[in-house]
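Engineer: pasting a predicted model and its sequence here:
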Amino acid sequence: FKFSRVDTELLDELEMELIQSDLGIELTNEIIGEIKKRKISDMQELRDFLFDFFKSILDGLDYKLRLYDNRLNVVIFIGVNGTGKTSTVGKFAYYLKNLGYFPIIAAADTFRAAAIDQIKRWGERVGVDVVAQKEGADPGAVVFNAIEAAKARNKDVLLVDTAGRMHTKSNLVEELKKIEKIVEKTLGYPPSENLVVIDATLGQNVVRQVEIFHNAVNLTGAVLTKLDGTAKGGVIFNVIKRFNIPVKLVTIGEELDDLKPFDPNEFVESFIPEVKI
Amino acid sequence: MFENLTSRLQEIFRKLRGKGKLTEKDIEEALREVRQALLEADAHYKVVKELLNNVKTKALQEDVLKSVTPAEQIIRILYYELLNILGGEKVDLNLGDKKPGIILVVGLQGSGKTTTCAKLAYRLSQEQRRVLLVGADTFRPAAGKQLQILGEKIKVPVYIDGSNPFEIIDGALKVAREKFSDVMIVDTTGRLHIDEEMMNELSELNKRYHPSEILLVVDGMTGQDAVNIAEKFNEKLPLTGVILTKMDGDARGGAALSVKAITGKPIKFIGVGEKIEDLEYFYPDRLASRILGM
Ligand SMILES: Nc1nc2c(ncn2[C@@H]2O[C@H](COP(=O)(O)OP(=O)(O)OP(=O)(O)O)[C@@H](O)[C@H]2O)c(=O)[nH]1
Ligand SMILES: Nc1nc2c(ncn2[C@@H]2O[C@H](COP(=O)(O)OP(=O)(O)OP(=O)(O)O)[C@@H](O)[C@H]2O)c(=O)[nH]1
Ligand SMILES: [K+]
Ligand SMILES: [Mg+2]
Ligand SMILES: [Mg+2]
């Protein structure tokens, strides 16, 4: 970004950058429109405006994980196919362990080939128990079993790895509701977190995904994965704006420790084009 | 698939048709709306820009404003430009003339490579070809197991022995020769296009085994980054085609438009579900008509 003042050429370039960050045309138009309306002319002013604009979308939400003391917390990971649910469960189990929690994992993806083996490997890798049944078993039954096991083994967080599912397949979306109900019925309270796992590489389609999953189960947060790639995950601003769902975690690679809490300021900074004068 | 884009374009065309005689401003306004619709569908910024520039130039050349049915003419120009971007005819697999032919399947993490390998194996074995599935992903937990389970389901042999892709493919080649296999389908580890070391590994694989097909698997729901990804893979490897997966959701087709435009490589198949038979040929003309609701 090599501009010294705000002019039409710069605005064209800025529009391109914003669209390429997957912010979507609506939000991009809003930003460009606002810059014109406010007659922003100087680069510092532009930078401040962009920072405040993005920050105001993120403001007012609680980005901290919601885990309660003295009870079994259930955290369910939900999302379309291949976004990174299973590996996030593995990394998150490791993260929680390091914080002093006692996590346990439910292998509730009984559908995809070798999904159970995959999560079991993660369990071994991070030293966390995985409760599993056979391929094809009822995911609800797996979760029920895992709750019993968690209680018997004095665990405090149960991580539920669910099968990837298209939001457009209503029977599969219904299945999520069933899992949530089983938790509520067995424990007498709902999951502490229902986290939708969003792949930063995906585009505007994510808004529909979140909308439909959120209608089915009460999403309490999102995980933004694969931020180590070149995609910025701008669609998350659209998601937050529309559904007020905070991002709780991000992942930045495939190793054990490639998971960290979401930092709104850092994220906003990554959306401000660098200005070289 | 693409209903969203189609219905938005339909609305734009309906307005345009309703006007009868068109002014230059009408056309500009319509094309501006088409741009919005395409961008909202995740088509890449640059691809959209070029597409619309071409449409404008053609519209001028053809004197659209003087035509009796200017709206129809604009839509027709748009159709051909879309078709131009998507590619003309459907393109089949090339299994090469040596046996076994090698199909190398590459792409980002989680894009659908392993599933697609099994789907391709199923399709080819239905066509009476002898297929060997080769699991050369030694990184993802249980990647080999995943391919084995899929292979069992479709009764196609799977080879996964070895500690790195070269060792595995060398071993698989021996088995393929013993079994008189027609084709080996090689599943690889998911990797980022910016991971230098992992990308170099792919170009080594290409140099050593000369696959007759190198297929890039791209998640059909990918946003603007589809272009970056395809560009980088295409730079590093002589891709022969692209497979777009997860087109059974409501992906809006932007990735389809962008990937072909940027790499010039044909989209050969689309994945339309998790089941083994959920792989379809890609017909550019049908898609272009469908997008425009024709
Ligand atoms: N580069 C990178 N790769 C990741 C990240 N998170 C996950 N992956 C990779 O993405 C691929 C898919 O991850 P999974 O955890 O299996 O995804 P999933 O959502 O469980 O997939 P399904 O269960 O099939 O829907 C794997 O190869 C992971 O190693 C990340 O933050 N960065
Ligand atoms: N709905 C749908 N799901 C698909 C399609 N193709 C693949 N999948 C799913 O996408 C997820 C990832 O597929 P994989 O085949 O494991 O992807 P991969 O590229 O091999 O992943 P890595 O090896 O981790 O890089 C799985 O849940 C698949 O079932 C498709 O066309 N439609
Ligand atoms: K990134
Ligand atoms: Mg999984
Ligand atoms: Mg794989």
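Structural biologist: Nice, I can see it. Residues are numbered from 1 along each chain as shown, chains lettered A, B, ... in the order given. Ligands and ions are numbered 1, 2, ... in the order given.
Engineer: tell me the secondary structure for A:Q133?
Structural biologist: The three-state label for A:Q133, taken from DSSP: H, G, I helix; E, B strand; the rest coil, comes out as coil.
Engineer: get me the contact residues on chain A for ligand 1.
Structural biologist: Residues of chain A lying close to ligand 1 by C-beta under 6 Å from any ligand atom are A:79, A:81-87, A:109, A:112, A:115, A:163-164, A:225-226, A:228, A:251-254, A:258. Glycine gets a C-beta too; all of them are placed from N, C-alpha and C.
Engineer: from the residues you listed, which land in strands?
Structural biologist: A:T225, A:T251 (DSSP state E).
Engineer: same list, the residues of chain A next to ligand 1, but only the ones touching ligand 4.
Structural biologist: A:K85, A:T86 (C-beta under 5 Å from the ion).
Engineer: quick check: pLDDT value at the residue in the stretch 51-200 of chain A positioned nearest to ligand 4.
Structural biologist: Here the residue of the stretch 51-200 of chain A nearest ligand 4 is A:T86; by C-beta to the ion that distance is 3.2 Å. If you check A:T86, the pLDDT there is 98.
Engineer: check contacts around it.
Structural biologist: A:D109, A:A115, A:Q118, A:I119, A:W122, A:D161 (C-beta atoms under 8 Å, 6 or more residues apart in numbering or on different chains).
Engineer: okay, now the first one: neighbour count?
Structural biologist: Which is A:D109. A:D109: 25 surrounding residues under other C-beta atoms under 10 Å in any protein chain shown.
Engineer: that one is in contact with A:A163, isn't it?
Structural biologist: Yes - using C-beta atoms under 8 Å, A:D109 makes contact with A:A163 at a distance of 3.9 Å.
Engineer: and the gap between whichever residue of the stretch 151-294 of chain B sits closest to ligand 3 and ligand 4?
Structural biologist: For the stretch 151-294 of chain B and ligand 3, the shortest gap (C-beta to the ion) falls at B:D225, measuring 8.5 Å. Separation of B:D225 from ligand 4 (C-beta to the ion, to the nearest Å): 22 Å.
Engineer: ok, and what's touching stretch B:157-170?
Structural biologist: Residues outside stretch B:157-170 that contact it (C-beta under 8 Å, 6+ apart): B:131-136, B:138, B:144, B:147-148, B:150-152, B:171-172, B:175, B:179, B:184, B:186, B:188-189, B:201, B:204-205, B:208-209.
Engineer: that stretch spans what distance, first to last residue?
Structural biologist: For stretch B:157-170, the first-to-last residue distance is 16 Å (C-alpha to C-alpha, to the nearest Å).
Engineer: does it reach ligand 5?
Structural biologist: No - using C-beta under 5 Å from the ion, stretch B:157-170 stays clear of ligand 5, coming no nearer than 11.9 Å.
Engineer: so which bits of that stretch are buried?
Structural biologist: Neighbour-count burial for stretch B:157-170 flags B:P157, B:V158, B:Y159, B:I160, B:G162, B:P165, B:I168, B:I169 (criterion: 16 or more other C-beta atoms under 10 Å in any protein chain shown).
Engineer: for those residues, work out which two are farthest apart.
Structural biologist: Farthest pair in the buried residues of stretch B:157-170 (C-beta to C-beta) is B:P157 and B:P165. Separation: 18.3 Å.
Engineer: can you pull the contacts of the nearest residue to A:K134 once chain neighbours are set aside?
Structural biologist: Spatial nearest neighbour of A:K134, excluding adjacent residues (C-beta to C-beta, 6 or more residues apart in numbering or on different chains): A:T110 at 7.3 Å. Residues in contact with A:T110 (C-beta under 8 Å, 6+ apart) are A:I116, A:Q133, A:K134, A:E135, A:G136, A:A137, A:D138, A:P139, A:V142, A:A163.
Engineer: model confidence score at A:T110, please.
Structural biologist: Listed pLDDT for A:T110 reads 98.
Engineer: B:A256 too?
Structural biologist: B:A256 is assigned a predicted lDDT (pLDDT) of 83.
Engineer: next up, phi/psi of A:V160, please.
Structural biologist: Note on A:V160: backbone dihedrals following degrees, to the nearest 10 are phi -110, psi 120.
Engineer: that one against A:V143, yeah?
Structural biologist: Yes - the criterion here is C-beta under 8 Å, and A:V160 meets it with A:V143 at 5.9 Å.
Engineer: overlap in contacts, those two.
Structural biologist: Common contacts of A:V160 and A:V143, defined by C-beta under 8 Å, 6+ apart, comprise A:A106, A:A108, A:I179.
Engineer: surely the first one is in contact with A:D129?
Structural biologist: No - the pair A:A106 and A:D129 fails to qualify as a contact (C-beta under 8 Å) at a distance of 10.0 Å.
Engineer: tell me which stretches of chain B form strands.
Structural biologist: For chain B, the strands defined by DSSP E cover B:101-107, B:131-135, B:158-159, B:183-187, B:213-219, B:241-245, B:267-271, B:279-281.
Engineer: can you add mean pLDDT and give the ones you listed back as JSON lines?
Structural biologist: As requested, the strands of chain B are exported to JSON lines (pLDDT from 0 to 100):
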{"stretch": "strand B:101-107", "mean pLDDT": "98"}
{"stretch": "strand B:131-135", "mean pLDDT": "98"}
{"stretch": "strand B:158-159", "mean pLDDT": "98"}
{"stretch": "strand B:183-187", "mean pLDDT": "98"}
{"stretch": "strand B:213-219", "mean pLDDT": "98"}
{"stretch": "strand B:241-245", "mean pLDDT": "96"}
{"stretch": "strand B:267-271", "mean pLDDT": "95"}
{"stretch": "strand B:279-281", "mean pLDDT": "95"}
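Engineer: adding distance to ligand 1, write those strands out as JSON lines.
Structural biologist: Listed next are these as JSON lines, based on distance: least, C-beta to the nearest ligand atom, whole Å:
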{"stretch": "strand B:101-107", "distance to ligand 1": "10"}
{"stretch": "strand B:131-135", "distance to ligand 1": "14"}
{"stretch": "strand B:158-159", "distance to ligand 1": "19"}
{"stretch": "strand B:183-187", "distance to ligand 1": "12"}
{"stretch": "strand B:213-219", "distance to ligand 1": "11"}
{"stretch": "strand B:241-245", "distance to ligand 1": "11"}
{"stretch": "strand B:267-271", "distance to ligand 1": "13"}
{"stretch": "strand B:279-281", "distance to ligand 1": "17"}
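Engineer: okay, those in JSON lines with distance to B:I291 next?
Structural biologist: Below are the strands of chain B laid out as JSON lines (distance: least, C-beta to C-beta, whole Å):
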{"stretch": "strand B:101-107", "distance to B:I291": "24"}
{"stretch": "strand B:131-135", "distance to B:I291": "34"}
{"stretch": "strand B:158-159", "distance to B:I291": "38"}
{"stretch": "strand B:183-187", "distance to B:I291": "31"}
{"stretch": "strand B:213-219", "distance to B:I291": "18"}
{"stretch": "strand B:241-245", "distance to B:I291": "14"}
{"stretch": "strand B:267-271", "distance to B:I291": "14"}
{"stretch": "strand B:279-281", "distance to B:I291": "16"}
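Engineer: shaky segments in chain A?
Structural biologist: By pLDDT under 70, the low-scoring segments of chain A are A:1-2, A:275-277.
Engineer: burial count for whichever residue of the stretch 1-150 of chain A sits closest to ligand 3?
Structural biologist: Proximity of the stretch 1-150 of chain A to ligand 3 (C-beta to the ion) peaks at A:S21, 9.6 Å away. Counted with other C-beta under 10 Å, residues neighbouring A:S21 total 22.
Engineer: what of B:K21?
Structural biologist: Counted with other C-beta under 10 Å, the neighbours of B:K21 add up to 11.
Engineer: count the residues that sit near the closest residue to it other than its chain neighbours.
Structural biologist: Sequence neighbours aside, B:P70 is the residue nearest to B:K21 in space, at 7.2 Å (criterion: C-beta to C-beta, 6+ apart). For B:P70, the count of nearby residues is 23 (other C-beta under 10 Å).
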